[in-house]
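A.B. asks: Give me a 3D structure for the following:
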Amino acid sequence: MKKFDVVIVGAGFTGLSAAYYLSKKGYKVQVIESDENPGGLAGTFNFSDGVTLEKFYHHWFNNDNYVFDLIKDLGLEKDIITLSTQTGMYFNGRMWKLSTPLDLLKFTALPFIDRIRLGLLVFKVRHIKDWHSIEHLNIREWLEPLCGQKVFKVVWEPLIKSKFSIYAELVGAVWMWKKLVLRGSTRNKTGEEELAYFKGGFGRLAEEIVSAIEFNGGSVEYKQKAVGIQKDKDRLIAIKTNKGEVYGKQFIFTTALPIIANIFDGKADSIWISSLLRVKYLGNICLVLRLKQSLSDIYWVNVNEPDFPFVGVIEHTNFDTPKNYSGSNIVFLSRYIVVKDPIWNYSDQQYLSYALKHLKRMFPDMKRSWILEFKVWREEYAQPIMEKHYSKFIPDSKTPFKNARIATMAQIYPEDRGTNYAIRDGQKVADDLLNFL
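C.D. replies: Here you go, the predicted model:
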């Protein structure tokens with residue numbers, strides 16, 4: 001019977017970073033992953049000609065220091081690409097650029113005084129140092145008095161409803177506060193937002209981390225799904241998988257909370273299981289288009305039309321050059337959705353037709369013949385809902401078992417999900433485990 005020092009469930013960036021730091025310390029680590037490649041939500045796929053791309057759009061901000069520190073530790077800092085990007089808004093049938101303070105002043109969809117209010121919002125937000133003071137408010141209750149009713153209705157309300165669907169009124173102000181604070185600190189001297197990417201994509205970075213884990217004596221196994229546990233009183237003995245048992249001394253679970261609840265079902269305290277299931281999630285459907293022609297020169301377009309089904313249109317090749325995709329143009333269309341919605345079960349062709357009907361409203365010249373290839377990706381647990389008072393019911397990293405911990409994107413609070421904080425929390429759970437050992 002092969003027994004590992006640490007068994008980690010999930011090869012997203014939390015699991016990979018935990019495995020990397022533990023393996024550097026000499027521990028024998030085994031990562032098991034149900035998918036066929038690493039990266040989690042930043043996992044990749046190949047187009048028909050072998051061009052590799054993330055299944056869901058990804059980038060970093062220029063202040064995502066946990067990412068950059070890990071990349072430097074791997075000796076790959078030369079492969080970090082930092083670029084200024086164009087952002088915009090589609091509102092009232094028109095495209096507006098909103099990349100610089102000058103663009104904001106030209107945003108005549110708002111009266112002049114409201115443009116000033118919108119511009120000053122980041123400064124007002126920075127005055128809040130203790131997020132606990134606003135945790136009892138939802139986004140509307142907190143944000144509308146700060147920026148005014150008109151700004152909230154035009155700029156923020158459509159995005160919040162599109163992002164959070166039926167949960168829009170439940171989401172706490174802390175989520176929005178942290179977003180605004182972080183985004184406000186990513187601007188360069190000219191007011192443009194600077195974003196970062198990794199040469200070869202996020203999938204390549206995940207593969208590099210896997211190689212480092214293996215170099216340190218660890219291993220990562222794919223297509224191996226955790227389905228249960230073996231226990232002895234208050235300790236785990238093994239993870240049951242579709243390929244057999246994986247035995248370990250210590251265990252870390254990094255998948256979504258409902259998946260962890262299912263793995264432990266019937267073998268752990270029911271109150272603890274209920275605490276995992278207390279957190280609500282939204283799914284995401286991401287349509288990836290590979291086009292002959294570009295839609296626009298804007299990287300990220302927020303869609304502020306109330307009846308538009310997508311929160312954003314992200315033209316990836318206005319950020320990373322088309323040369324890296326055999327000269328084609330890459331567009332992501334993102335929709336957050338309750339998985340009980342009938343649209344969740346559309347076939348890929350049905351969903352493409354549904355999406356193009358709306359996309360042509362924004363880009364009337366676009367033709368279906370522009371599409372070289374497309375992919376539709378679905379993730380059931382894409383976005384945890386960080387409600388009011390979220391800190392009071394967010395699960396702790398500890399479990400009912402002495403040798404098992406959890407570290408998931410639902411516990412990153414007050415930050416939202418993202419590879420930077422996944423890496424941070426992977427390192428944190430590794431440090432906690434080292435201190436325990």
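
A.B. asks: Pull out the buried residues from the biggest helix by length in the chain.
C.D. replies: Longest helix in the chain by number of residues (criterion: DSSP state H): helix 419-436. When neighbours are counted by 16 or more other CB atoms under 10 Å, the buried residues of helix 419-436 are found to be 419-430, 432-433. Every C-beta, even on glycine, is put in place using the N, C-alpha and C of the backbone.

A.B. asks: Please save the CA atoms from that helix in PDB.
C.D. replies: Output in PDB follows, covering the C-alpha atoms of helix 419-436 (Å, rounded to 0.1, in the frame of the first residue of the first chain):
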ATOM      1  CA  THR A 419      -5.700  32.800  -9.400                       C
ATOM      2  CA  ASN A 420      -3.800  35.300  -7.300                       C
ATOM      3  CA  TYR A 421      -5.800  34.500  -4.200                       C
ATOM      4  CA  ALA A 422      -6.000  30.800  -5.000                       C
ATOM      5  CA  ILE A 423      -2.200  30.700  -4.900                       C
ATOM      6  CA  ARG A 424      -2.200  32.800  -1.700                       C
ATOM      7  CA  ASP A 425      -4.600  30.400   0.000                       C
ATOM      8  CA  GLY A 426      -2.800  27.300  -1.300                       C
ATOM      9  CA  GLN A 427       0.400  28.600   0.300                       C
ATOM     10  CA  LYS A 428      -1.500  29.500   3.500                       C
ATOM     11  CA  VAL A 429      -3.000  26.000   3.900                       C
ATOM     12  CA  ALA A 430       0.400  24.500   3.200                       C
ATOM     13  CA  ASP A 431       1.900  26.800   5.900                       C
ATOM     14  CA  ASP A 432      -0.800  25.800   8.400                       C
ATOM     15  CA  LEU A 433      -0.200  22.100   7.700                       C
ATOM     16  CA  LEU A 434       3.600  22.600   8.100                       C
ATOM     17  CA  ASN A 435       3.000  24.300  11.500                       C
ATOM     18  CA  PHE A 436       0.700  21.500  12.500                       C
END
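
A.B. asks: roughly how far out does it sit from the chain middle?
C.D. replies: Distance of helix 419-436 from its chain centroid, counting by CA atoms, centre = their mean, to the nearest Å, is 18 Å.

A.B. asks: same for it, what does it pack against?
C.D. replies: Here helix 419-436 is seen to pack against helix 13-24, strand 60-61, helix 65-73, strand 244-253, strand 404-406 when contacts are counted using 3 or more CB pairs under 8 Å, 6 or more residues apart in numbering; DSSP states H and E.

A.B. asks: which one of the ones you listed lies closest to residue 347?
C.D. replies: helix 13-24 (30.9 Å; CB to CB).

A.B. asks: I'd like to check the angle between the closest one and helix 419-436, please.
C.D. replies: Angle of helix 13-24 versus helix 419-436, following axes from the mean of the first three to the mean of the last three CA atoms, to 10 degrees, is 40 degrees.

A.B. asks: Helix 13-24 - contacts with which helices or strands?
C.D. replies: Under the contact criterion of 3+ CB pairs under 8 Å, 6+ apart, helix 13-24 touches strand 3-9, strand 29-32, helix 202-215, helix 419-436.

A.B. asks: Put together CSV for the ones you listed, with distance to residue 289 on each row.
C.D. replies: Formatted as CSV, those follow (distance: least, CB to CB, whole Å):
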stretch, distance to residue 289
strand 3-9, 33
strand 29-32, 32
helix 202-215, 19
helix 419-436, 23
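
A.B. asks: Out of these, the one nearest residue 65 is which?
C.D. replies: For the helices and strands packed on helix 13-24, proximity to residue 65 was assessed by CB to CB; helix 419-436 is nearest, at 7.5 Å.

A.B. asks: Tell me the one among the buried residues of helix 419-436 nearest to residue 75.
C.D. replies: residue 423 (16.2 Å).

A.B. asks: My read is that the closest one contacts residue 70, right?
C.D. replies: Yes - using CB atoms under 8 Å, residue 423 is in contact with residue 70, at 5.4 Å.

A.B. asks: Between the two, which contacts overlap?
C.D. replies: Residues touching both residue 423 and residue 70 (CB atoms under 8 Å, 6 or more residues apart in numbering) are residue 17.

A.B. asks: Compare the helices and strands packed on helix 13-24 and give me the one nearest residue 95.
C.D. replies: Closest among the helices and strands packed on helix 13-24, using CB to CB: helix 202-215, at 27.9 Å.
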